[in-house]
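Enquirer: Need a 3D model of the following:
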Amino acid sequence: MVRPITAEPTLQFPNIDPIAFSVGPLAVRWYALGYLFGTGLGALYARGLLARRSLWADNAPPFKPEEIWDFAFWTMLSIVIGGRIGYVLFYNLPMYLANPLEIINTLDGGMSFHGGAIGLMLAAILFTSSKGGNWLSSLDMIAAVSTIGIFLVRIANFINAELYGAPTTLPWGVVFPTDPQQVPRHPSQLYEAALEGLLLFLIIRIATHVFFALRRPGLVAGIFGIGYGLARIAVEFVRLPDVQIGYLYGGWLTMGMVLSVPFVAGGLALVAYAMRSRRAR
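Expert: All right, here's what the predicted structure looks like:
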């Protein structure tokens, strides 16, 4: 048996069943509920944003508030499909090329945030364009609400005892039941929930309701891209990489870092464009 690397007290891992409830043979997991409630609560918050026309450039939201529920349906599909395709392409392509039927088997997990985000952006652009709205404003809208889903899904990752971090001597280290070494580790899921979810939500809320950032199409999406990318890169320094990939290029770079760099670059470009735009009111 491997001994703990520290004698310091650690946080007790909560004894929460990853399965929230069962209906006959159907088992509903907290992870699935994180996506479901993230989409539902995000849609409610988005409806409130869309209803306040004064928040938007020229008093014109990207589409009508009552259309948010149609968009929410496409949101859920785009996140799941994009997230799965992203995981296949970015994290384990050789295995899925050898076993193509496993691509549709999501019971073993395997979702990429970056892939889901790309799918969501494409859905927003197509949906808004079909309504005649400003697709940059629709990206701002999903940036303002997606932090809710990120927070809930990261909490579900913690409940599942997955995506945990490297060993630590810090007093809030957690011994995860799925860890074969049984040593205190960084609860990196909670770091991401706090940074990418809660903190980024508060920053964007201040930007939208104090500084009226939605009046400059693309600005809120840019803030999200910068904030999420930097937060994810920071957490990746203590989060363990996927075992099938490991560390890249010298033993410190991770796939999560690589995929987050374009988010930061794209966010900077959107902020620069939005601040130069004359459409603000």
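
Enquirer: got the CA positions of stretch 62-69 in CSV?
Expert: Provided in CSV are the C-alpha atoms of stretch 62-69 (Å, rounded to 0.1, in the frame of the first residue of the first chain):
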residue,chain,number,x,y,z
PRO,A,62,-30.3,38.6,-30.9
PHE,A,63,-33.8,37.1,-30.8
LYS,A,64,-37.1,37.2,-29.0
PRO,A,65,-37.2,36.1,-25.3
GLU,A,66,-39.9,33.5,-26.0
GLU,A,67,-37.7,31.8,-28.6
ILE,A,68,-35.1,30.9,-25.9
TRP,A,69,-36.8,27.5,-25.3
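
Enquirer: Counting neighbours, which bits of that stretch end up buried?
Expert: 62-63, 67-68 (16 or more other CB atoms under 10 Å). Every residue, glycine included, has its C-beta placed from N, CA and C.

Enquirer: Spatially central residue for this protein, please.
Expert: Nearest to the geometric centre of the chain sits I150, at 4.1 Å (CA atoms, centre = their mean).

Enquirer: one step back: name the nearest of the buried residues of stretch 62-69 relative to P18.
Expert: Closest approach to P18 among the buried residues of stretch 62-69 (CB to CB): I68, at 30.4 Å.

Enquirer: and that closest one, what is it in contact with?
Expert: 43, 46-47, 50 (CB atoms under 8 Å, 6 or more residues apart in numbering).

Enquirer: Next, count neighbours for the nearest residue to Y191 once chain neighbours are set aside.
Expert: Distances taken as CB to CB, 6 or more residues apart in numbering put V235 closest to Y191, at 4.9 Å, once the chain neighbours are dropped. Counted with other CB atoms under 10 Å, the neighbours of V235 add up to 24.

Enquirer: swap in L202?
Expert: 11.

Enquirer: Please confirm that it is located within a strand.
Expert: No: looking at L202 with DSSP: H, G, I helix; E, B strand; the rest coil, it is helix, so not inside a strand.

Enquirer: Redo the buried residues of stretch 62-69 as TSV? Include distance to F212.
Expert: TSV is the format used below for the buried residues of stretch 62-69 (distance: CB to CB, whole Å):
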residue	distance to F212
P62	16
F63	20
E67	23
I68	21
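
Enquirer: Sort out for me which of those residues are in helices.
Expert: Using DSSP state H, the subset of the buried residues of stretch 62-69 located in helices is I68.

Enquirer: between the buried residues of stretch 62-69, which is nearest G267?
Expert: The closest of these, once distances to G267 are taken by CB to CB, is P62, at 18.9 Å.

Enquirer: returning to that earlier point: roughly how far does the residue nearest to Y191 sit from Y164?
Expert: Noted for V235: a distance of 11 Å to Y164, by CB to CB, to the nearest Å.

Enquirer: quick one: common contacting residues for the two?
Expert: Joint contacts of V235 and Y164 (CB under 8 Å, 6+ apart) are S188.

Enquirer: any low-confidence regions in the protein?
Expert: Applying pLDDT under 70 to the chain flags the ranges 1-9, 106-109, 278-281.

Enquirer: what residues are up against the residue nearest to the centre of the chain?
Expert: Residues near I150 by CB under 8 Å, 6+ apart: 38, 113, 192-193, 196-197, 200, 228.

Enquirer: can you count the residues close to Q244?
Expert: Neighbour number of Q244 under other CB under 10 Å is 9.

Enquirer: ok, back up a step: by neighbours, which of the contacts of I68 wins?
Expert: A46 leads those on contacts (other CB under 10 Å) with 24 neighbours.

Enquirer: Helix or strand: which one has that residue?
Expert: Remark: A46 resides in helix 30-51, with elements defined by DSSP states H and E.

Enquirer: helices and strands around that helix, which ones?
Expert: When contacts are defined as 3 or more CB pairs under 8 Å, 6 or more residues apart in numbering; DSSP states H and E, helix 30-51 sits against strand 19-23, helix 68-91, helix 135-159.

Enquirer: Just the CA atoms of the shortest one, as PDB, please.
Expert: In other words, strand 19-23. The C-alpha trace of strand 19-23 is given here as PDB (Å, rounded to 0.1, in the frame of the first residue of the first chain):
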ATOM      1  CA  ILE A  19     -26.400   8.000  -9.500                       C
ATOM      2  CA  ALA A  20     -28.900  10.600  -8.300                       C
ATOM      3  CA  PHE A  21     -32.000   8.300  -8.600                       C
ATOM      4  CA  SER A  22     -33.200   5.300 -10.600                       C
ATOM      5  CA  VAL A  23     -36.500   4.700 -12.400                       C
END
